[in-house]
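In: A predicted structure for the sequence below; I have some questions about it.
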Amino acid sequence: MQTHPQSDRLSWGDTVFLHLEREGMPLNVASVSVLEGKIPFADCLRFIKAKLPQLPRYLKRVVAPPLNIGLPSWEYDPSFDIRNHVREVTLKHGTDAELKAVAGKLFSSVMDRQHPLWDITFVYGLKGNHTGLILRLHHCLADGIAGVGIMNVLLDANPEAPHPPQRKLKLPAPPPPDAIKSLMEGVVTSYSDFVKRILSGWADLLQMTERVASNGGNVATEDVSRLLPEITAFTERLRFNVLYRGPQKFAWADVSLAEVKAMGKVCGASVNDVILALVTATVRRYLEQHGDRVKGRLLRMMVPVNLRGSDTTGELGNRITIVPVTVPLDIRSPRRLLAAVHKRTEFLKRSHAAELVSLTGGLVGMLPTAMQALVGPMISQVPFTPFNMVCTNVPGPQYPLYLLGHKMVRWYPYVPVGGEMAVNCAILSYDGTVYFGFSGDVHAAPDLRRLEEFLKESFEELRAATGVEPPQKSPKRKARTRRRVVSNSASEPATMRVSIPLPVPAPSQPPAPVAPAAGEEKGLTQLIA
């Protein structure tokens with residue numbers, strides 16, 4: 001991981017995420033994972049505290065410049081307390097539905113900017129003697145790729161990995177406040193960064209022009225005439241494209257990565273093409289279940305693309321751009337749908353759409369920070385839909401991770417919702433499984449859990465169409481005894497486990513009431529690969 005000086009500044013892009021957030025609409029990246037066994041909370045607290053020296057940014061809070069002139073800075077929190085960031089809750093019934101409800105409540109709340117912008121919640125009482133772990137990071141601190149890198153620091157690939165030595169955290173004292181000096185430093189630093197970004201943007205534009213000119217012949221005229229109007233067309237709102245009100249719900253599903261790869265191989269498509277096709281078919285099913293028309297309509301997905309190199313995946317901050325992947329919703333044949341997705345992603349690659357969007361976004365990010373701080377919270381309340389939903393795919397490690405010797409068996413990602421994108425989807429591949437996390441406003445999608453079953457149906461339909469056989473179930477083996485972690489709670493203050501009252505969403509008036517889904521409880525790679 002990178003180390004940072006005592007005071008460093010946010011980038012222009014990270015600052016945008018900070019200013020777009022408003023009360024009731026948090027902008028965090030997060031995940032919900034499930035680990036084997038019951039992990040003593042006191043042991044978790046000591047372990048994470050011992051890991052923090054490897055994550056110095058986690059000890060820093062965001063400090064705004066005077067009058068919001070210049071970029072905010074990261075400064076050590078003088079009142080840092082691990083218990084402000086690592087907490088525990090206990091479920092009453094221990095079901096997945098309860099775990100999702102707890103996650104939804106956490107994802108609906110804004111973090112305190114007086115402290116570092118991250119937290120971890122351990123969830124006890126899960127059935128099967130499992131422990132839940134909910135990690136939240138503010139989007140100005142990390143994007144999805146960086147979030148996965150952070151989990152690789154907190155967790156180990158070896159169940160017998162030695163524990164880090166306990167050291168007392170020694171944080172440098174913050175410099176004495178000097179408004180004039182801070183203001184001048186902010187202005188000078190911002191101007192310097194502004195000039196660098198202008199020069200960098202000009203160089204990127206020249207390089208992109210050269211690449212397009214050199215391989216422009218790879219883009220067929222037929223594709224340009226047919227797909228370019230589709231990409232540039234005005235985004236038509238779908239039923240969940242309404243202004244975000246909150247609170248949020250969280251739903252999830254998972255499928256076999258080996259089968260996803262096999263489907264892509266049969267059709268000459270990438271893993272990411274298969275994932276986009278599954279999401280498109282899932283949305284189509286959801287719309288049709290509500291009686292909505294899909295003929296002639298398009299689904300426009302905001303697809304983040306990783307700009308990091310393979311050796312900088314643990315770098316904090318945001319290093320992404322986006323591409324608009326637009327797919328017809330009325331293609332019912334699974335193989336034709338996958339072919340349509342593949343054709344569009346290939347066109348976007350050849351036309352260098354990601355570079356163009358990155359250049360445009362970089363210019364937008366250079367708006368004065370004072371203006372960002374003023375208009376940022378208002379932007380999310382403007383009735384404007386540039387995309388129907390976010391669909392972000394992050395590659396995780398293809399080997400198991402362990403916390404204090406306990407294997408992480410499931411890992412569901414979360415991406416924030418806001419503006420008129422009130423339902424979004426995050427995808428994470430980990431240890432041979434693809435995990436889908438659906439986030440949604442309770443008013444825009446009160447039946448969000450239906451996306452779980454529709455995703456499964458779409459997966460089985462594509463598997464049948466491609467002739468991919470599901471793997472044979474191996475005989476159950478006797479579970480090995482896991483290494484016990486001895487708790488030495490005497491040295492830590494006693495902790496209290498409490499049941500969290502789950503939120504009861506305000507009554508809503510969905511356009512078309514639907515029956516509860518079967519079994520529903522009443523009451524952090526590059527996607528264009």
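Out: That came in fine, so what should we check first? Numbers count the residues shown, from 1 in each chain.
In: low pLDDT regions in the stretch 201-350 of the chain?
Out: Counting by pLDDT under 70, the stretch 201-350 of the chain contains low-confidence residues at 201-229, 231-232, 306-321.
In: All the helices of it, in order from the start?
Out: For the stretch 201-350 of the chain, applying DSSP state H, counting those that start in this stretch gives helices covering 221-232, 257-267, 271-289, 334-350.
In: ranking those by burial, who's on top?
Out: Among the helices of the stretch 201-350 of the chain, helix 271-289 has the highest mean neighbour count (mean count of other Cβ atoms under 10 Å), at a mean of 24. Where you see a C-beta, it was placed from the backbone N, CA and C, and this is true even at glycine.
In: In terms of secondary structure, what does that one contact?
Out: In terms of contact count using 3 or more Cβ pairs under 8 Å, 6 or more residues apart in numbering; DSSP states H and E, helix 271-289 is assigned the packing partners helix 257-267, strand 298-306, strand 320-328, helix 334-350, strand 389-395, strand 423-430, helix 450-466.
In: at 6 Å instead, please
Out: Helices and strands touching helix 271-289, by 3 or more Cβ pairs under 6 Å, 6 or more residues apart in numbering; DSSP states H and E, are helix 257-267, helix 334-350, strand 389-395, helix 450-466.
In: Which elements pack onto the last one?
Out: Helices and strands in packing contact with helix 450-466 are listed as strand 248-256, helix 257-267, helix 271-289, helix 334-350; criterion 3+ Cβ pairs under 6 Å, 6+ apart.
In: that older thread, let me have the helices and strands packed on helix 271-289 in a markdown table, adding distance to residue 154 as columns.
Out: Converted to a markdown table, the helices and strands packed on helix 271-289 look like this (distance: least, Cβ to Cβ, whole Å):
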| stretch | distance to residue 154 |
| --- | --- |
| helix 257-267 | 23 |
| helix 334-350 | 33 |
| strand 389-395 | 16 |
| helix 450-466 | 27 |
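In: looking at those, which is closest to residue 164?
Out: strand 389-395 (25.8 Å; Cβ to Cβ).
In: between the closest one and strand 423-430, how big is the angle?
Out: 10 degrees (axes from the mean of the first three to the mean of the last three Cα atoms, to 10 degrees).
In: Paired strands for strand 389-395, with orientation please.
Out: Using DSSP bridges, the strands paired with strand 389-395 are strand 298-306 (parallel), strand 423-430 (parallel).
In: Just the CA trace of it, in CSV.
Out: Presented in CSV, the C-alpha positions along strand 389-395 are these (Å, rounded to 0.1, in the frame of the first residue of the first chain):
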residue,chain,number,x,y,z
MET,A,389,-28.3,2.1,-14.1
VAL,A,390,-24.8,1.5,-13.0
CYS,A,391,-23.3,-1.9,-13.7
THR,A,392,-19.8,-2.3,-12.3
ASN,A,393,-17.7,-5.4,-12.3
VAL,A,394,-14.7,-5.8,-10.1
PRO,A,395,-12.3,-8.8,-10.2
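In: For stretch 73-89, list every residue counted as buried.
Out: Neighbour counts over stretch 73-89 (16 or more other Cβ atoms under 10 Å) mark 73, 74, 75, 76, 77, 80, 85, 86, 87, 88, 89 as buried.
In: likewise stretch 454-461?
Out: Buried residues in stretch 454-461, counted by 16+ other Cβ under 10 Å: 454, 455, 456, 458, 459, 461.
In: Give me the distance between the residue lying closest to the third one once chain neighbours are set aside and residue 98.
Out: Spelled out, that is residue 456. Nearest residue to residue 456 in three dimensions, chain neighbours excluded: residue 253, at 6.0 Å (Cβ to Cβ, 6 or more residues apart in numbering). According to Cβ to Cβ, to the nearest Å, residue 253 and residue 98 sit 18 Å apart.
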